[in-house]
Each structure stands twice: as C-alpha cells, then as structure tokens.
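> Just a sequence and a predicted model for now, questions to come.
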Amino acid sequence: MPIQGVGKESTGQQGRLKKTEKMLGAWQISLLAIVALGTVVPVVRSSKPGGWFDVDPQDKGLRKALTFAMLEYNKGSNDMYKRNIMNINKAKQQIVSGVNYEAEVVTGLTSCLQTAPKNEDCPFHTSPDMLKRSVCTFVVNYVPWLNQIKLISKRCSNQKRNGLQLRLS
C-alpha cells in the first residue's frame, strides 16, 4: 500500500524533471537554429538579386559567356589571327533577369586565321613577335532558360614592351 504523499511527491518531481528536460530541449534547438542562421545569412546576403559576387572560373555559365564574348571579339577584330583566352584573372556574376557575368581575362593571338572554323582548336603563337597579349574585361548577359546571350561591353588594352598600356576598345 502506498504511503500518502510520497507517491504524489515523486510524481511531482517526475513532472518537474520532464518540464526541465523539455525546456532544455527547446533551448538546445533554439541555440542550434541561431547557429545555423548565422552561417546561412552571409550566403543569402552575398547572393541577393542585383549584387555582384565572385564566381568559380570553371562555372559552366561563365565559360559559355566567355566563349561567346571571344566569338564576338574576333568578329570585330582587324587581327589576322584569332584571339583566345589564356587566363581568367577574376570573374563575378550578378543575378538579374538571367545572369550578368563580368570577367577580366588575358587573351593571346592563336595560330588560327580569322577565317578558320569557330570550333577549331587553336594553339597560341609562340614566336616572340606574335606574343601580343591583351587584358580584356567582358560583361555578358546570359538567360539560359531562353537561350539568350548578349555581349554588353568589352574593354581591352595591350601591354606594350615599355610598360605603357594602349587601349584597344
């Protein structure tokens, strides 16, 4: 036969323990949520619409944009030989209605004439008189779901032997 008051006391203690456990569980979940939000918020801030942020040089969209930019550049060039990208110095993207890509690249003359097919693999010239490198900045708008791409701007400059730069476009 249970003693009066003892059973109630243990039931009361058990109830308080359960409430304490629930409060600790809620507190731990809250702390975990705060930590998780703290790591997610900076990512959200950097990718807000309209903001520029760095993009990996291997990004497929960037590669497509730069391929298009070089095709357009070569169409308007007076060089006898095609130019191609030797190095991507920096690249960033902006989420708009589509994606704007801005990239600073180093270009060099290839051994392919301007009349060569556009998908031909063209090695770079190696002779000293043909090592004409340019630093170009391209801005390309790419809307993949509409398969639209447009060269917004291009600025290029040649590095002269005496260290002065000559603006090309």
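Structure received.
> Contacts for stretch 58-68, please.
With Cβ atoms under 8 Å, 6 or more residues apart in numbering as the test, stretch 58-68 has contacts from 55-56, 85, 88, 91, 93, 99, 101, 103, 105, 138, 140, 142, 144, 149, 151. (Each C-beta comes from the backbone N, C-alpha and C, glycine too.)
> Mind doing that once more with 6 Å?
If you take Cβ atoms under 6 Å, 6 or more residues apart in numbering as the criterion, stretch 58-68 is touched by 55, 91, 99, 101, 103, 140, 142, 149.
> again, but for stretch 113-121
Contacts for stretch 113-121 (Cβ under 6 Å, 6+ apart): 82, 112.
> now the strands for the chain?
For the chain, applying DSSP state E gives strands covering 52-54, 81-96, 98-113, 134-143, 148-159, 165-167.
> Which positions within the fourth one qualify as buried?
For strand 134-143, the neighbour count (16 or more other Cβ atoms under 10 Å) marks 134-142 as buried.
> Export these as TSV, with columns for pLDDT and distance to residue 64.
Shown next, in TSV, are the buried residues of strand 134-143 (pLDDT from 0 to 100; distance: Cβ to Cβ, whole Å):
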residue	pLDDT	distance to residue 64
134	94	21
135	97	21
136	98	17
137	98	18
138	99	12
139	99	14
140	99	9
141	98	12
142	98	7
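> If we only consider those residues, which is nearest to residue 81?
residue 134 (12.6 Å; Cβ to Cβ).
> what's that closest one in contact with, if anything?
107, 156, 158.
> from these, which would you call buried?
107, 156.
> Tell me the spacing between residue 62 and residue 124.
Distance, residue 62 to residue 124, using Cβ to Cβ, to the nearest Å: 21 Å.
> quick one, which of these two is more surrounded?
Comparing residue 62 with residue 124 by neighbour count (other Cβ atoms under 10 Å), the higher total belongs to residue 62, at 22 against 17.
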